[in-house]
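In: Pasted the sequence and its predicted model underneath.
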Amino acid sequence: MRAALLLALLLGIAGGAAGEALLGVPPQPGQVAAGRAVAAGGGQQGQAGACFRCHGFAGAAQDAAGFPAIGGMSAEYLHEQLRRYASGERRNDIMSPIASALTPAQMRDVAVFYAVQPVPPATGIALADPALLQHGAILSASGSAESGIQACQNCHGPAGIGIWPFYPRLAGQPAAYLAAQLRAWKTGERQGVEPWRSMQTIAQRMSDRDIEAVALYFASIPVGTAPRGVGVLQ
Amino acid sequence: MARRLPEVEVVLVGMGWTGALLAKELTDAGHRVVGLERGVGRQTVPDFQTPTMHDELRYAVRHGLMQDPSRETLTVRNFTGQTALPMRQLGSFLPGIDLGGAGVHWNGQTWRFQLSDFVLRSHILQRYGPDILQDGLTIQDWGVTYDELEPYYDRFERICGIAGKAGNLRGEIQPGGDPFEAPRSAEYPNPPMTQPYAPTLFARAAAEVGMHPFPVPSANVTRPYRNPYGCDMHACNYCGFCERFGCEHFAKASPQVCVFPALLGNDRFELRTRCQVTRVEYDRQARRATGVTYIDGRGEEVFQPAGMVALCAFSIHNVRLLLLSGIGAPYDPRTGEGNVGKNYTYQTMSGVSIFKDESFNFNPYMGAGALGMAVNDYNGEAFDHSGLGFIGGAYIACYQTGGRPIERHPVPGDTPRWGLAWKQAVARHYNSTISLSVHGSSMPHRGNYLDLDPTYRDSFGLPLLRMTFDFPANDRLMSEFLTDKAVLIGNAIGGKVEAARRQGLYSVVPYQTTHNTGGAIMGENPRESVVNRYLQCWDAHNVFVMGACAFPHNPGYNPTDTVGALALWAARAMREDYLPNPRPLVDA
């Protein structure tokens, strides 16, 4: 799929039923500026809902707090997560009220703003048990026959760089963030996307050690460049 | 001298779909089963994982999951007057190899046949009289009815987790499904796939011209699912790598996903890989098999005595094994005598392309093997053939199986075949072209058959199978008629419409489909068939023959659903009737 996707991108093709406004149009400087204003606290919640207070203007990760790196993530992915926080499909005590307070235009603008930021480098190299890291690497690259889990990289791209537009980047995300998401899927606290429920299905088959291992693995690997869509992101 | 092993109760030759199903059903009933696979073992993890699996050059172009024609192939000709030559590169069809067989690289298009297909000769004669049958067509009734098979269709579809919408539930026509399908006892186990833009336009246009579109029944499952064997499937993510590839997501039904997790590890089952069966040992006096002889991975010849043998290899290989083993009389096209090799049929394919303007973006790389919409208004006996001069039909489908960069390059017919203009045309049309498949039936003709080649041999020194085949006039007329119907839909979609019609002799070079059927057909009596209604050999009651080689003709549908249903139907007969009391299950 990636190769086909690349070809399509080289051909200058982008589009699809979902998010036409986000997919087909080059980012307007005005939209980026409007998004920056939202990030700076221009949403309905004002400074209480300012993205930059946790995510910075670069959208870098904060390892200690477990805040994910959102800079350079696809606009479509970021927009979808904001939509889900707002609708309650994805729940988070901090993000849900902030996203709920955004207008549809603000949601789009701020998604585009963070999408056009350079991909932040990984901040922390995990000092972990090498055997555990190796276990995470194997799950990432080939999955587990015993547990019936496919490789993470099937969808999230080689070395976890993400596949534009809907599969998020895992490389360089804080281990605490990744592990928390997998645990939330495993317990059902975070619901999968209907009707596929892919991440829920996978997380339920992972042991606590599996979760710790893949989280540490993706946190520890260098962040490579991912193919990006034309239009919004260039 | 072959090394002789201790006798086993049941030996299965080939471990694809039918071998896996029989092994599971028979071991569950307490029988001890040995499965012989000529290829190597493989499983979803790690063998089908990306990025290795998403290698179009290795798997789609160089046929990485298919049998190696330098070791074993067949010879091909169109007519008996020609000298058949070996097929040295795979082309028209792609037999799989290794554990799971073609069940690993199939697309997952899972169709039932029509009520009339199982009683075709009686039905055609009753509805139209004998004049509609062209000279030389050797259609016949199957010896089993749709109603008998229905529970086994249903069970196979549950084992595969088929995603679809029923069109006929116990005789009640259902909106959104195929109104021409045979009655189902229950809805599909999973909801249909989400349709992309191109199939949606196709469906709209087909409805405009009065046809009845519906989502193709798909073995690419649409939600997490646990099958009756307790095997778990995950949802398909439309990655576009089904045909010719293994599925990395546990999402496409295969023996690996749907059967082996519940079979391997059972101590009543033993799997032996790299074991190429060269013949079934047949005691002509006793009219029964004593076991099978194979060459193992070290090149040693081994005799495995067995109480019962089931041939579960690919259909043409099953026919060849029968011929190599001397079971049943080889078919003679001059006299019409003999049955092994008779009624070899294929699939009569054509296509229509609709080139839209550049404002259309179909994103063909977002696909799945059975993702698409179809119409059956002109398939089988869904329409009246009076005055048409042919029998049979086709489904017309708009599939979106994947837009992989090496092999997808739709361009109008007047485009140069190479160079700058070709490249520009590919860039122009890649994302804005709709392709329709016309998936036509294949009627048996007395001149189309399989036998052993008198000249060419495989790497073990055994005669190759020889295929004598060309499309009969009946099927050419059918294909013209159906292609016109697809053009009609194409015109309703709008754009530059081009048909790729069925012309010239059958060629083994361009890929058409791996639906090689017939050659060891089922039927009501030993005069005109190789196996009875339970797929049991008339000439050896302890030999059963699975697969599409049992089809007396090939209807206008993909064969796998019927192959699975027949295997489960035969498994019931073996389990409950034959193995407790071995004997011919039908009196000759």
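Out: Okay, I see it.
In: Where does chain B get nearest to chain A, residue-wise?
Out: B:Y365 (3.4 Å; C-beta to the nearest C-beta). The C-beta positions use only the backbone N, C-alpha and C, and glycine is treated the same way.
In: Could you double-check that that residue sits in contact with B:Q400?
Out: No: taking contacts as C-beta atoms under 8 Å, B:Y365 lies outside contact range of B:Q400: 9.2 Å.
In: anything in stretch B:182-200 sitting right up against chain A?
Out: Yes: Stretch B:182-200 is in contact with chain A by C-beta under 8 Å from any C-beta of the partner chain, via B:P191, B:Y197.
In: how long is that stretch from one end to the other?
Out: Distance across stretch B:182-200, first residue to last, is 24 Å (C-alpha to C-alpha, to the nearest Å).
In: how far does it sit from the chain's center?
Out: Stretch B:182-200 has its average C-alpha position 20 Å from the chain's average C-alpha position, going by C-alpha atoms, centre = their mean, to the nearest Å.
In: Show me which residues of it are buried.
Out: Buried residues in stretch B:182-200, counted by 16 or more other C-beta atoms under 10 Å in any protein chain shown: B:182-184, B:188-190, B:192-193, B:195-199.
In: ok, now stretch A:111-119?
Out: Within stretch A:111-119, the residues that count as buried by 16+ other C-beta under 10 Å are A:A111, A:V112, A:F113, A:Y114, A:A115, A:V116, A:Q117, A:V119.
In: now do stretch A:127-137
Out: In stretch A:127-137, counting by 16+ other C-beta under 10 Å, buried: A:A128, A:L132, A:L133, A:H135, A:G136, A:A137.
In: Which one of those residues is nearest to B:R155?
Out: A:H135 (38.9 Å; C-beta to C-beta).
In: Ignoring the adjacent residues along the chain, who's closest to that closest one?
Out: Leaving aside its sequence neighbours, A:H135 sits nearest to A:A213 (C-beta to C-beta, 6 or more residues apart in numbering or on different chains; 4.2 Å).
In: again, but for B:W142
Out: Of all residues not flanking B:W142 in the chain, B:F118 sits nearest, at 4.5 Å (C-beta to C-beta, 6+ apart).
In: got it, and A:G59?
Out: Nearest to A:G59 is A:G71, by C-beta to C-beta, 6+ apart, at 2.8 Å.
In: Relative to B:D55, how far out is the closest residue to B:V61 other than its chain neighbours?
Out: Leaving aside its chain neighbours, B:V61 sits nearest to B:I406 (6.0 Å; criterion: C-beta to C-beta, 6+ apart). In this view, B:I406 and B:D55 are 10 Å apart by C-beta to C-beta, to the nearest Å.
In: Please identify which of these two sits among more neighbours.
Out: Ranked by neighbour count (other C-beta atoms under 10 Å in any protein chain shown), B:I406 and B:D55 place B:D55 first, with 16 against 12.
In: OK, contacts around the more buried one?
Out: Contacts for B:D55 (C-beta atoms under 8 Å, 6 or more residues apart in numbering or on different chains) come out as B:G64.
In: which bits of the stretch 201-350 of chain B sit near chain A?
Out: B:222-224, B:232, B:234-235, B:237, B:239-241, B:248-250, B:261.
In: between those residues, which is nearest B:E358?
Out: Ranked by distance to B:E358 (C-beta to C-beta), these are led by B:G240 at 21.6 Å.
In: Now the spatially closest residue to that closest one that is not a sequence neighbour: phi and psi?
Out: Of all residues not flanking B:G240 in the chain, B:G402 sits nearest, at 3.1 Å (C-beta to C-beta, 6+ apart). Phi and psi for B:G402, reported as degrees, to the nearest 10, are phi 150, psi 150.
In: mind checking pLDDT for A:P227?
Out: Reported pLDDT at A:P227 in the predicted model: 66.
In: now the one 5 residues further on
Out: Listed pLDDT for A:V232 reads 44.
In: how far away is the residue nearest to the spatial centre of chain A from chain B?
Out: Centre of chain A computed as the mean C-alpha position; nearest residue by C-alpha atoms, centre = their mean is A:P168, 3.8 Å away. With distances taken as C-beta to the nearest C-beta, to the nearest Å, A:P168 is found 14 Å from chain B.
In: In chain A, which residue sits furthest out from the middle?
Out: Residue of chain A lying farthest from the centroid, by C-alpha atoms, centre = their mean: A:E146 (27.9 Å).
In: And that one, which helix or strand is it part of?
Out: Element membership for A:E146 (DSSP states H and E) is empty, with no helix or strand holding it.
In: Over to the residue nearest to A:H135: give its phi and psi.
Out: The phi and psi values for A:A213, taken as degrees, to the nearest 10, are phi -70, psi -50.
In: tell me, how many neighbours does it end up with?
Out: Quick note: A:A213 (other C-beta under 10 Å) scores 26 neighbours.
In: per-residue pLDDT, it?
Out: A:A213 is assigned 96 on the pLDDT scale.
In: check contacts around it.
Out: A:A213 sits in contact with A:L132, A:L133, A:H135, A:G136, A:L139, where contact means C-beta under 8 Å, 6+ apart.
In: And for A:R197?
Out: By C-beta under 8 Å, 6+ apart, the contact set of A:R197 is A:Q191, B:R223, B:P224, B:A235.
In: B:G413: neighbouring residues, count only.
Out: Look at B:G413: counted by other C-beta under 10 Å, it has 9 neighbours.
In: Pull up the gap between it and B:S459, please.
Out: 41 Å.
In: got it, and B:R284?
Out: Taken as C-beta to C-beta, the span from B:R284 to B:S459 is 28 Å.
In: repeat for B:W569
Out: Here B:W569 is placed at a distance of 35 Å from B:S459 (C-beta to C-beta).
In: When the two are compared, which one has more neighbours?
Out: A direct count of neighbours by other C-beta under 10 Å for B:W569 and B:S459 places B:W569 higher, at 22 against 12.
In: How about that one, nearest residue that isn't a chain neighbour?
Out: That would be B:Y152: by C-beta to C-beta, 6+ apart, it lies 4.4 Å from B:W569.
In: B:C537 contacts B:C549, correct?
Out: No: contact criterion C-beta under 8 Å: B:C537 and B:C549 do not qualify, at 11.9 Å.
In: from memory the residue nearest to B:G240 sits against B:R244, does it?
Out: No: between B:G402 and B:R244 there is no contact under C-beta under 8 Å: 9.6 Å.
In: Common neighbours of the two, please.
Out: Counting by C-beta under 8 Å, 6+ apart, nothing touches both B:G402 and B:R244.
In: Quick one: mean pLDDT over the strand ranked longest in chain B.
Out: As assigned by DSSP state E, the longest strand anywhere in chain B is strand B:301-311. Strand B:301-311 shows a mean pLDDT of 98.
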